[in-house]
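Visitor: coordinates only, sequence not included:
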């Protein structure tokens, strides 16, 4: 069982920045694929970014490329999502997720095994 606890959400003006954190339990964090997703009211949950772990690649949705950066600190069992140049359309609940048996699929929520509780990000215009 892996527990994920997110933090760092809040209210920010357009153009501002936030850093989300996701602290994970488990002894094999460095091997997990960590993903970030978001869900706005009335919309489906969508992929934002993923980090394969074990020195693997990072991936981003087109709408966040150049603005968001995913990273991890394996010593702290923590994944981060640095969000810069925020826009009102980035407003959503952001979730981190862990795929503990990583596959080639990184953008589908169904392939992640554990989820955090979500943290609200609100960007005002």
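Guide: Received the coordinates, thanks. The model shown is predicted, which means the values in this text are computed figures rather than measured ones.
Visitor: middle-most residue in the chain, spatially?
Guide: Central residue of the chain (C-alpha atoms, centre = their mean): residue 36, 2.2 Å from the mean position.
Visitor: so what's that residue up against?
Guide: By C-beta atoms under 8 Å, 6 or more residues apart in numbering, the contact list for residue 36 reads 20, 22, 48, 49, 50, 70, 79, 81, 94, 95, 96, 97. Just so you know, the C-beta spots here come from the backbone N, C-alpha and C atoms, and that holds for glycine as well.
Visitor: want to throw the residues you listed into JSON lines with distance to residue 106, secondary structure and neighbour count?
Guide: Below are the contacts of residue 36 laid out as JSON lines (distance: C-beta to C-beta, whole Å; DSSP: H, G, I helix; E, B strand; the rest coil; neighbours: other C-beta atoms under 10 Å):
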{"residue": "20", "distance to residue 106": "18", "secondary structure": "strand", "neighbour count": "24"}
{"residue": "22", "distance to residue 106": "16", "secondary structure": "strand", "neighbour count": "26"}
{"residue": "48", "distance to residue 106": "11", "secondary structure": "strand", "neighbour count": "25"}
{"residue": "49", "distance to residue 106": "9", "secondary structure": "strand", "neighbour count": "26"}
{"residue": "50", "distance to residue 106": "4", "secondary structure": "strand", "neighbour count": "26"}
{"residue": "70", "distance to residue 106": "11", "secondary structure": "strand", "neighbour count": "22"}
{"residue": "79", "distance to residue 106": "13", "secondary structure": "strand", "neighbour count": "30"}
{"residue": "81", "distance to residue 106": "14", "secondary structure": "strand", "neighbour count": "27"}
{"residue": "94", "distance to residue 106": "17", "secondary structure": "strand", "neighbour count": "24"}
{"residue": "95", "distance to residue 106": "15", "secondary structure": "strand", "neighbour count": "23"}
{"residue": "96", "distance to residue 106": "13", "secondary structure": "strand", "neighbour count": "30"}
{"residue": "97", "distance to residue 106": "10", "secondary structure": "strand", "neighbour count": "24"}
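Visitor: CSV for the residues you listed, including pLDDT and distance to residue 61?
Guide: Output for the contacts of residue 36, formatted as CSV (pLDDT from 0 to 100; distance: C-beta to C-beta, whole Å):
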residue, pLDDT, distance to residue 61
20, 98, 15
22, 98, 17
48, 98, 6
49, 98, 7
50, 97, 9
70, 97, 11
79, 97, 16
81, 98, 12
94, 98, 12
95, 98, 14
96, 98, 15
97, 98, 14
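Visitor: many thanks, have a good one.
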